[in-house]
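Colleague: Task: produce atomic coordinates for the following.
(chains A and B)
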Amino acid sequence: MDTFQGIEIDSLSNIREAIKEGVFSLPDLVDHYLATAEKHQDLNAYVSLFSAEAKERANNLQLAFETDPTAAGPLFGAVLSIKDNICLAGAEVTAASKILEGFESLYSATAVERLLEAGAIIIGRTNCDEFAMGSASEHSAYGPVKNADAPDHVPGGSSGGTAVSVQCGSCLIGLGSDTGGSVRQPASFCGLTGLKPTYGRISRHGLLAYASTFDQIGLIGRKAEDLALCLSVMAGPDEYDMTAAKEPLPASEIKKTAGSKRFCYFDFCVDHAGLQREVQDAFRRKLEALKKAGHIVEQVEFPWRDYLVPAYYVLTTAEASSNLSRYDGVRFGRRSPQAKTVEEVFDLSRTEGFGAEVKRRILLGTFVLSAGYYDAYYGRAQKVRRLISDHNQELFQKYDAILAPTSPILPWKHGDKDQDPISVYLADIYTVYANLTGIPAVSIPLERDSESGLAIGMQIMTNQFEEDTLFSLIALENNLPEK
Amino acid sequence: MEIDDALISRLEKLARLKLDASERADLRNDLNSMLEMIEKLGSAELEGVVPLEYPGKHQAIPRKDEAKGMIPTGEALKNAPEADFPFFQVPKVIKK
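Modeller: Numbering: from 1, shown residues only, chains lettered A, B, ... in the order given. As a prediction, the model looks like this:
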């Protein structure tokens, strides 16, 4: 799918080689990406393209490269899309919400600044669920995003636009955010690789907050090696985010690993009422293949299965209700034209500006934090989070990685789940684990369903700050003979 | 437990939302299903468990309390729905 001038442009190394050899220039490549994005406008992946800026930057970078090829940054040749909840100075950013209509970012997210310093080009901002709340990229002020593999199906969410921007070949890598699976699940639904780093690995400065103890900027792409490189560029402490960790940075290249590895998977990952047969079969086949290849693959019990999704929704909606209180129609964003009093500025701006899903979550979050209910819900969810995190640490004493399907279900048809938000929440069961415990997790393509051709993904999760191990295990995975 | 009209009104007030009748009915239904889902937490054995606030390995890293990354007032007002330099503007609060 991704060829340009006869070159497979699915990896940065191929792109750089082609530019070096003069097969095409960086401005040629940017033109190709922009034309591809235009051609696939019906997928609704982008909310805006930074055409002029991207072209100008490509010209400048190409000139600098021709003057001194050795001075090119590590991301020279990398063209990226960013989710519409990540700030780029001078560009609009709205989190796909009417409430931020016309809001222009005054600064760039630290992660974006580091990418730009390393020579990357940002081509456009991508559609998503409003304030990253959703699993299908359907709750957007800009309308739903379509899956390029099957446009009548959802691409997953909330970073659906980011996933589709890569899937349709309009950029090499996309930046998303992952609060409960919002990078991994769309990557899985679109047949791509999606990484959620350790909580605190990448600064959240300039990422519009949804749930601050869960949110993490993540990456969607085709090649693990490119994700590893981008991660190493973005990672590290930041004086504008005190949760950005001072841990040693992850390596920019994937370290090869060999020998038998120790994997575990939870009992409910192979046997669960909500688990679709196609996903179950594909995951089981992978487990068998790993065993056959000589790895230790063990099933472990998980006593808190039924508390995962409830704890996640209590904590994230609580944090969301607090984070989204800043949208009051006073200092920025949209103000209701009907508002005649200060109270109406608050109430009407919020009521008209937020969509139904965001209101649902704000109200639930308000409820679990309100007097009389705090201990029963919010307090209990925090305790469950402790139990799960402690148990998680014990697991990593024994195993190198945890394996799980990414989503228990295949991508569904647009509109199919409109009447049943709870079933969509419950489908987060395999992804919220990594956000509750703060560990890094990647979704890699597993198989395609033989009937529908839809993609099925699998997660690999390692302990906190062990992205290097995570990447080496992906490499190991890909090297395994199929079935 | 169930979310009734009185509770919805209280939540609306706390969350600064003003729902119309049909939106209110829909959200009440949705919230009750959500509540049913999270009530599961009531059955967890949590005696003596310390709540986890942050998933990070380390404590948050403070920096010196120095003003940094400042934005000039004019810039800060750029995204305001209404402004009268150097102020954000809202409808009159005190009536004469």
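Colleague: Run through the strands of the chain in chain order.
Modeller: Went with chain A since none was named. A:3-4, A:7-8, A:46-49, A:79-83, A:121-126, A:173-177, A:193-196, A:217-221, A:262-266, A:296-300, A:401-405, A:441-448, A:455-461 (DSSP state E).
Colleague: Please refer instead to chain B.
Modeller: B:83-84, B:87-88.
Colleague: export those strands to CSV and tack on mean pLDDT and mean neighbour count?
Modeller: Heads up, the C-betas are built off the backbone N, CA and C, glycines and all. Converted to CSV, these look like this (pLDDT from 0 to 100; neighbours: other CB atoms under 10 Å in any protein chain shown):
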stretch, mean pLDDT, mean neighbour count
strand B:83-84, 96, 12
strand B:87-88, 96, 12
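Colleague: closest to residue A:350 out of those?
Modeller: Nearest to residue A:350, of all the strands of chain B, is strand B:87-88, at 16.6 Å by CB to CB.
Colleague: Can you add distance to chain A and give the strands of chain B back as JSON lines?
Modeller: Output for the strands of chain B, formatted as JSON lines (distance: least, CB to the nearest CB, whole Å):
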{"stretch": "strand B:83-84", "distance to chain A": "9"}
{"stretch": "strand B:87-88", "distance to chain A": "5"}
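Colleague: quick one: contacts for residue A:278?
Modeller: A:410, A:449, A:451, A:456 (CB atoms under 8 Å, 6 or more residues apart in numbering or on different chains).
Colleague: Would you point out the most distant pair within those residues?
Modeller: A:451 and A:456 (11.8 Å).
Colleague: Do a quick rundown of the helices in chain B.
Modeller: According to DSSP state H, chain B carries its helices in the segments B:5-15, B:21-38, B:73-76.
Colleague: Could you confirm whether any residue of the shortest one contacts chain A?
Modeller: Yes: applying CB under 8 Å from any CB of the partner chain, one finds that helix B:73-76 is in contact with chain A at B:75-76.
Colleague: Does that helix pack against any helices or strands, and if so which?
Modeller: The helices and strands touching helix B:73-76, judged by 3 or more CB pairs under 8 Å, 6 or more residues apart in numbering or on different chains; DSSP states H and E, number zero.
Colleague: hmm, try it at 10 Å
Modeller: strand B:83-84 (3 or more CB pairs under 10 Å, 6 or more residues apart in numbering or on different chains; DSSP states H and E).
Colleague: Could you give the separation of the strand it packs on from the chain centroid?
Modeller: Centre-to-centre, strand B:83-84 and its host chain are 26 Å apart (CA atoms, centre = their mean, to the nearest Å).
Colleague: any idea what sits nearest the closest residue to chain A within chain B, other than its immediate chain neighbours?
Modeller: Proximity of chain B to chain A (CB to the nearest CB) peaks at residue B:55, 3.0 Å away. Nearest residue to residue B:55, sequence neighbours excluded (CB to CB, 6 or more residues apart in numbering or on different chains): residue A:438, at 3.0 Å.
Colleague: Give the intersection of the neighbour lists for residue A:451 and residue A:456.
Modeller: Contact criterion CB atoms under 10 Å, 6 or more residues apart in numbering or on different chains; residues shared by residue A:451 and residue A:456: A:278, A:410.
Colleague: That concludes my questions; thank you for your assistance.
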